[in-house]
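# Take this sequence and fold it.
(2 chains)
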Amino acid sequence: MLTPIKKLWGFACRIWSSANRPAKHLSIGFLTIGGFVAGVMFWGGFNTALELTNTEEFCVSCHEMGDNVFVELKPTIHYSNRSGVRATCPDCHVPHNWTDKISRKMQASKEVWGKLFGTINTREKFQAERRRLAGHEWERLKANNSLECRNCHSTESMDITVQSTRAAEAHQAFLFTGEKTCIDCHKGIAHELPDMTGVEGWE
Amino acid sequence: MKRLLVNITAAVGLMALASTAAFSDGAATLRQGEPIASEAQAPKMNKVENNDVKRVRNYPEQPPTIPHQTRDYEISLNANKCLSCHARTRTGESQAPMVSVTHYMDRDNQVLATVSPRRYFCNQCHVTQVTAPPLVENEFIDVEHIIKGE
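Numbering: from 1, shown residues only, chains lettered A, B, ... in the order given. Down below sits the predicted model:
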């Protein structure tokens, strides 16, 4: 009964004792330089893979994104506008700061699960889940004070004299005072909205 | 026999004349004189007025025009962006004009708590304005001027 556990323990002990001993055949130069090169390769590979999953092509390669949220983005000002500067999916949906990015990427592993089991693989299923999914994004932006908006739209550089009167008044009254954050008023600016019944600020 | 031939030739000739006349200018009015075979250059798109200044209504029942941009303002089964500012409960924060009380009434003039479903789709009546020259001459006279006999 105990033999498999004993065997495993013995195996672990042997690994530890060999890892804990100085190298018998390899030079210290090989170990340090080799370790450095392997480290560079590992880190580079990790970052490349991370950046690869952080592109619009990657997001849109799943039909859940390509057929729903991406087509909705296209007519909006964040995709098509006079100056041609545009936002891609990760600009708004993935934090730019490294640690936050990694934690968001870890959360995103749940999305892989959803993809495998087809949680939103039809338009109907997506519409049914839309309020919950949008809610996650509103909560995230509310919690970080709309950080992803502010990566491009900074209050310091916002010249309210060239804004329309009502925009200038609203920004002075709520944004500059810190009473509200971007997402409080600017929901559904890049995608269609879910059923907004019960959402604050919506009738 | 000879007379019949002359008659047919004359008729065909007249028809051909009439049809060319129709194609050369009669049918071209909507195309700004552009021949049917070629594609006309699209007119320049005009800017939407965004000055937040009310326009005078041309008659009392006219739905007021929208003096600001409404690009990407969603009005659907799910959401109504206009009501985020113009609904009764939102006007304190937004300082926007409240949706008229008639919009809270059903067809029996019963006042409801929220905007009546038949008045929900704002841009059925209220529209933004563009800085475009009128397409046709406008001979509208304000009733105010008619009363004064001007």
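# ok, and the closest non-adjacent residue to A:Leu141?
A:Ile183 (4.1 Å; Cβ to Cβ, 6 or more residues apart in numbering or on different chains). Where C-beta positions appear, they are placed from N, C-alpha and C, glycine not excepted.
# Where does pLDDT dip in chain A?
A:1-2 (pLDDT under 70).
# quick one, what contacts the residue nearest to A:Leu141?
A:138, A:141-142, A:146, A:149 (Cβ atoms under 8 Å, 6 or more residues apart in numbering or on different chains).
# and with 10 Å instead?
Residues in contact with A:Ile183 (Cβ atoms under 10 Å, 6 or more residues apart in numbering or on different chains) are A:137-146, A:148-149, A:189.
# which element is B:Met98 on?
For B:Met98, there is no helix or strand it lies in under DSSP states H and E.
# so it sits right up against B:Cys82, yeah?
No - between B:Met98 and B:Cys82 there is no contact, the gap being 11.6 Å when judged by Cβ atoms under 10 Å.
# got any residues that touch both of the two?
Common neighbours of B:Met98 and B:Cys82 (Cβ under 10 Å, 6+ apart) are B:Arg90.
# who's more crowded, those two?
B:Cys82 (23 against 16; other Cβ atoms under 10 Å in any protein chain shown).
# Not counting sequence-adjacent ones, nearest residue to that one?
Once flanking residues are discounted, B:Cys82 sits nearest to B:Cys122: 4.6 Å by Cβ to Cβ, 6+ apart.
# Same question for A:Lys125.
Spatial nearest neighbour of A:Lys125, chain neighbours left out: A:Thr119 (6.9 Å); criterion: Cβ to Cβ, 6+ apart.
# Contact partners for the one you found?
Here A:Thr119 is in contact with A:64, A:110-111, A:113, A:125-126, A:129, A:133 (Cβ under 10 Å, 6+ apart).
# so of the residues you listed, which ones are in helices?
The helices, defined by DSSP state H, take in A:64, A:110-111, A:113, A:125-126, A:129, A:133 from the contacts of A:Thr119.
# Give me the buried entries from those.
Buried by 16 or more other Cβ atoms under 10 Å in any protein chain shown: A:64, A:126, out of the ones in helices among the contacts of A:Thr119.
# which residues are there in chain A that come within reach of chain B?
Proximity of chain A to chain B (Cβ under 10 Å from any Cβ of the partner chain) is limited to residues A:75-78, A:81, A:127, A:130-131, A:163-170, A:173-174, A:180, A:185, A:187-197, A:199, A:201-203.
# hang on, the earlier thing: OK, contacts around the residue nearest to B:Cys82?
Taking Cβ under 10 Å, 6+ apart as the test, what B:Cys122 contacts is B:63, B:66, B:70, B:73, B:75, B:80-83, B:86, B:99, B:103, B:115.
# Local confidence estimate at it?
Looking at B:Cys122, its pLDDT stands at 96.
# what's the answer for the one 3 residues further on, then?
The per-residue pLDDT reported for B:Cys125 equals 95.
# Leaving out chain neighbours, which residue sits closest to it?
Computed as Cβ to Cβ, 6+ apart, the closest residue to B:Cys125 that is not its neighbour in sequence is B:Pro63, at 3.9 Å.
# which residues touch that neighbour?
B:57, B:100, B:122-127.
# before we move on, the earlier item: and the residue nearest to A:Leu141, which helix or strand is it part of?
Here A:Ile183 is assigned to helix A:182-185, by DSSP H and E.
# re earlier: how about the residue nearest to A:Lys125, phi and psi?
Reported as degrees, to the nearest 10, the phi and psi values for A:Thr119 are phi -60, psi -40.
# do the one 4 residues further on as well
Here the main-chain torsion angles of A:Arg123 (degrees, to the nearest 10) amount to phi -60, psi -40.
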